[in-house]
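Engineer: dropping the sequence and predicted coords here.
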Number of protein chains: 2
Amino acid sequence: MTTLTHLSSLCINGERLWQSLMELARIGGTDKGGVCRLALTDLDRQGRDLVTRWAREAGMSVTVDRIGNVFMRRPGRNNSLPPIMTGSHIDTQPTGGKFDGNYGVLAGLEVVRTLNDHGIETEAPIEVAFWTNEEGSRFVPVMMGSGVFAGAFSLEHAYAATDVDGHTVKAELERIGYIGDEQPGQHPIGAYFETHIEQGPVLEDANVTIGVVPGVLGIRWFDCTVTGMEAHAGPTPMALRRDALQVATLIMQEVVASAGRHGPHGRGTVGMVQVHPNSRNVIPGRVKFSMDVRNISDELVDRQAQEIQDLAARLQAQTGLSIQIETVSSYPAQSFDDTCIQAITRAAQRLGYSHMPVVSGAGHDAVYAAQLAPTGMIFIPCKDGISHNEIEDAQPEHISAGCNVLLQVMLERAGLPSRAAAQ
Amino acid sequence: MTTLTHLSSLCINGERLWQSLMELARIGGTDKGGVCRLALTDLDRQGRDLVTRWAREAGMSVTVDRIGNVFMRRPGRNNSLPPIMTGSHIDTQPTGGKFDGNYGVLAGLEVVRTLNDHGIETEAPIEVAFWTNEEGSRFVPVMMGSGVFAGAFSLEHAYAATDVDGHTVKAELERIGYIGDEQPGQHPIGAYFETHIEQGPVLEDANVTIGVVPGVLGIRWFDCTVTGMEAHAGPTPMALRRDALQVATLIMQEVVASAGRHGPHGRGTVGMVQVHPNSRNVIPGRVKFSMDVRNISDELVDRQAQEIQDLAARLQAQTGLSIQIETVSSYPAQSFDDTCIQAITRAAQRLGYSHMPVVSGAGHDAVYAAQLAPTGMIFIPCKDGISHNEIEDAQPEHISAGCNVLLQVMLERAGLPSRAAAQ
């Protein structure tokens, strides 16, 4: 009798998964070891063709929806059940790496290949998806395929997006032959799991193999403009200055400090600064800078933002300088499903992998999937926390470990046929 | 009997001085009410021609040296005495004003015209100078004519300077006909006074008419580069960041704070900031910024610089980020002559003008003159402290007041012929 307990020692073929990652990475491969395979280019088509060929060779059927999302299906015993899905994306940044996205898709394929190797049938069908244009490098918005699927924006909006040369998403989908018939969002999902490199330094720093992702941080982007009075650096005594940069630096420090006060998931970053007139011997009259505020819940994001705004109001009152803060973008926090989180944790434990909770600071297709179905994410370490870079790297043993965890949670969620369980 | 006491109520003709300023300002006058008369251009020649014509009409002789400095001389009774000199410059910034420099030259001319009106002879000759290329907008170094005169750099060095079109100073001096025979520095100076708009906000803020300048601030320019590690703003927890901007802002605040600790003449300015990669959602990996440190003595400048460097060293030790500070330029402080300072103070008092000490935060030809002869400077307020701008402005009554003080100190220093004093 085959039971889930029997299958808890089942392992994927790490070598095969690694070879598939390396083969896919050759399409758009760069001299520096990275990948440039922008969404809906000829290279993207070649990548899509390769992955769907592999899926068909593994006995899967392939469905494409109207935004080009691809669902590769391994039937279960009871095909009226919604499929247990895994996936990610295979488009890359212009100077991207081999693992971002691609790992999540090929880990799903490796799960299927492993089930095939052992002749294991699941109760629910299993699907491996890749979503169109996750990166948003060529067309915005980012996470386009999963966003249309979840109804975050319309198919027409996505179709009309153009690249720098004026090509539309719709025309490029048609050109590469990946515009399907299925209406996005009509595809049922029983549960969704996504494996991904962490794209941050936490796991590597802690020397831990598996990150169990409780959710994706909420993000708010602001622009802050401090307006003082430009004046000559020599003749203007300190007491008579209206130095925009000096006031701005106090706010910049508060962006970081407030994130620290709302740890461990608070983030505060000033990434962009423009000083006017930006001349060595002129007191800055105007400073504009970005503020990127993130936390695990929208409430905590709001608290950080409020503390920054409170300081700005106090500084404006104290100094008389004008301080304007405007919201640029806002992305709500997304918690993942408790049962999925627990399943991932249990699987890592059973397999003997060190594990810890690691929030996702960046967006993933799983954020949109989570709006439709129970969802969980599995992180593995990446070298120096570096991603969106040709030097992005991950260790084969971590690649295998994440895929083994995925295999376990997919099996648990899809279930074994009662016949098999009873044998 | 005419004595200096009799002449203490002698006043210049404010209307005439104002009209001369406005007439000179038409040469290179801009639509916004400013002046663009760059050194050694055709417009500069027209300005030089006008001022020297006025000087000749006032009975003065004109000498030009090899760097184009012009000395306009009113003989005294004893022409073996070195002349008591006043002056400034008539070249302007590209978007300069009517008063910067021009006021100092035409105030000197107005002193001579006033002495002529009243038939007053002085013991020592009086001279009005204008120095070549004070602004340094078209050719560097700045304060070129007075700098060559004082031996700060060689005539050959100045001659070889080129503008953006490749024209040399020497060729342009020849072209406009202002390359003279006299060796720079060979011209004797008994004492030197310069009237100038303050180019800062101190007098206007204090509602005071005359600034008695104790000296010119010493300046040190530094570039500071903080190098951390760029990383994605989302996935990187605060504790694992190496945020170059956050460390840089602490140093930027110390530049200002240390100036405040060494008041009242300390100045500290961060005018220029470059953030790399300057992207909204990337933690800055490198920040480069300028530091402009000034004070009334070189010792105080050194102390400010040392405090900034000490903080940088502590931050480097604490954070592990690399902090490099390099010196870009250094200009020593220059005190003016006590007897000149006292004479200006006494004259302002006698004439009933409010007065206060105001250091010069910017360089002037008087800095180089002070290396050769007893020197003093007289400041008057300018609107909003603004200079090097087409909206630069000054009030006619302040223009007159500064010139009246100049008249008194020139008279006192040049002396009256003993014959007149004995009559």
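Structural biologist: Okay, I see it.

Engineer: quick one, helices of the stretch 1-150 of chain A?
Structural biologist: A:14-25, A:42-57, A:102-117, A:144-150 (DSSP state H, counting those that start in this stretch).

Engineer: could I get the lengthiest helix in chain A in PDB with only the CA atoms?
Structural biologist: Identified as the longest helix of chain A according to DSSP state H is helix A:298-319. Provided in PDB are the C-alpha atoms of helix A:298-319 (Å, rounded to 0.1, in the frame of the first residue of the first chain):
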ATOM      1  CA  ASP A 298      -0.700  47.400   5.500                       C
ATOM      2  CA  GLU A 299      -1.200  48.600   9.100                       C
ATOM      3  CA  LEU A 300       2.500  48.600   9.800                       C
ATOM      4  CA  VAL A 301       3.200  50.200   6.400                       C
ATOM      5  CA  ASP A 302       0.800  53.000   7.300                       C
ATOM      6  CA  ARG A 303       2.400  53.400  10.700                       C
ATOM      7  CA  GLN A 304       5.800  53.900   9.200                       C
ATOM      8  CA  ALA A 305       4.500  56.300   6.700                       C
ATOM      9  CA  GLN A 306       2.700  58.200   9.400                       C
ATOM     10  CA  GLU A 307       5.800  58.600  11.500                       C
ATOM     11  CA  ILE A 308       7.700  59.900   8.500                       C
ATOM     12  CA  GLN A 309       4.900  62.400   7.700                       C
ATOM     13  CA  ASP A 310       4.700  63.500  11.300                       C
ATOM     14  CA  LEU A 311       8.400  64.300  11.400                       C
ATOM     15  CA  ALA A 312       8.100  66.100   8.100                       C
ATOM     16  CA  ALA A 313       5.300  68.200   9.500                       C
ATOM     17  CA  ARG A 314       7.300  69.000  12.600                       C
ATOM     18  CA  LEU A 315      10.300  70.000  10.500                       C
ATOM     19  CA  GLN A 316       8.200  72.200   8.300                       C
ATOM     20  CA  ALA A 317       6.900  74.000  11.400                       C
ATOM     21  CA  GLN A 318      10.300  74.300  12.900                       C
ATOM     22  CA  THR A 319      12.200  75.400   9.800                       C
END
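
Engineer: which of the helices of the stretch 1-150 of chain A sits most buried?
Structural biologist: Mean neighbours per residue, mean count of other C-beta atoms under 10 Å in any protein chain shown, is largest over those for helix A:144-150, with a mean of 27. Heads up, the C-betas are built off the backbone N, CA and C, glycines and all.

Engineer: look up the closest residue to the residue of chain A positioned farthest from its centre, ignoring the ones flanking it.
Structural biologist: No residue in chain A sits farther from the centre than residue A:235, which is 52.0 Å out by C-alpha atoms, centre = their mean. Of all residues not flanking residue A:235 in the chain, residue B:200 sits nearest, at 2.6 Å (C-beta to C-beta, 6 or more residues apart in numbering or on different chains).

Engineer: quick one: contacts for the one you found?
Structural biologist: A:231, A:232, A:234, A:235, A:236, A:237, A:240, B:358, B:361, B:385 (C-beta atoms under 8 Å, 6 or more residues apart in numbering or on different chains).

Engineer: now with 10 Å?
Structural biologist: With contacts defined as C-beta atoms under 10 Å, 6 or more residues apart in numbering or on different chains, residue B:200 is in contact with A:231-232, A:234-237, A:240, B:211, B:358-362, B:379, B:381-382, B:385-387.

Engineer: same thing with residue A:113?
Structural biologist: Counting by C-beta under 10 Å, 6+ apart, residue A:113 touches A:12, A:13, A:16, A:17, A:20, A:54, A:55, A:57, A:58, A:59, A:74, A:106.

Engineer: what's the farthest-apart pair in these?
Structural biologist: A:17 and A:59 (17.7 Å; C-beta to C-beta).

Engineer: follow-up on the earlier one: which of the contacts of residue B:200 are buried, as a ChimeraX select command?
Structural biologist: Applying 16 or more other C-beta atoms under 10 Å in any protein chain shown to those, the buried members can be selected in ChimeraX as follows:
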select /A:231,232,234,235,236,237,240 /B:211,358,359,360,361,362,379,381,382,385,386,387
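
Engineer: what about residue A:79, neighbour count?
Structural biologist: For residue A:79, the neighbour count with other C-beta atoms under 10 Å in any protein chain shown is 12.

Engineer: again but with residue A:274, I slipped
Structural biologist: Neighbours around residue A:274, by other C-beta under 10 Å: 16.

Engineer: any idea of the pLDDT on it?
Structural biologist: pLDDT, residue A:274: 96.

Engineer: do residue A:332 as well
Structural biologist: 93.

Engineer: then the one 4 residues further on?
Structural biologist: Confidence per residue is given as pLDDT, and for residue A:336 that number is 98.

Engineer: same deal with residue A:19?
Structural biologist: In this model, residue A:19 is scored at 98, pLDDT.

Engineer: how about residue A:2?
Structural biologist: 74.

Engineer: am I right that it is in contact with residue A:418?
Structural biologist: No: with contact defined as C-beta atoms under 10 Å, residue A:2 does not count as touching residue A:418 (11.7 Å).

Engineer: just the helices in the stretch 201-350 of chain A please.
Structural biologist: For the stretch 201-350 of chain A, the helices defined by DSSP H, counting those that start in this stretch cover A:202-206, A:244-261, A:298-319, A:338-351.

Engineer: need the winner for burial among those helices.
Structural biologist: Highest mean neighbour count of the helices of the stretch 201-350 of chain A: helix A:244-261, a mean of 22 (counted as mean count of other C-beta under 10 Å).

Engineer: tabulate the helices of the stretch 1-150 of chain A (CSV), appending distance to residue A:281.
Structural biologist: Conversion of these to CSV gives the following (distance: least, C-beta to C-beta, whole Å):
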stretch, distance to residue A:281
helix A:14-25, 51
helix A:42-57, 50
helix A:102-117, 51
helix A:144-150, 48
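
Engineer: of all these, which lies closest to residue B:186?
Structural biologist: Closest of these to residue B:186 is helix A:42-57, at 75.5 Å (criterion: C-beta to C-beta).

Engineer: mind checking how far the closest one is from the chain centre?
Structural biologist: Its chain's average C-alpha position is 22 Å from that of helix A:42-57, according to C-alpha atoms, centre = their mean, to the nearest Å.

Engineer: which neighbouring elements make contact with it?
Structural biologist: helix A:14-25, strand A:61-64, strand A:70-74, helix A:102-117, strand A:126-130, helix A:169-176 (3 or more C-beta pairs under 10 Å, 6 or more residues apart in numbering or on different chains; DSSP states H and E).

Engineer: so which of these is nearest residue A:195?
Structural biologist: For residue A:195, the closest of the helices and strands packed on helix A:42-57 is helix A:102-117, at 4.6 Å, according to C-beta to C-beta.

Engineer: spatially central residue in chain A, please.
Structural biologist: residue A:364 (2.6 Å).

Engineer: that one reaches residue A:135, doesn't it?
Structural biologist: No: assessed by C-beta under 10 Å, residue A:364 is found out of contact with residue A:135, at 11.1 Å.
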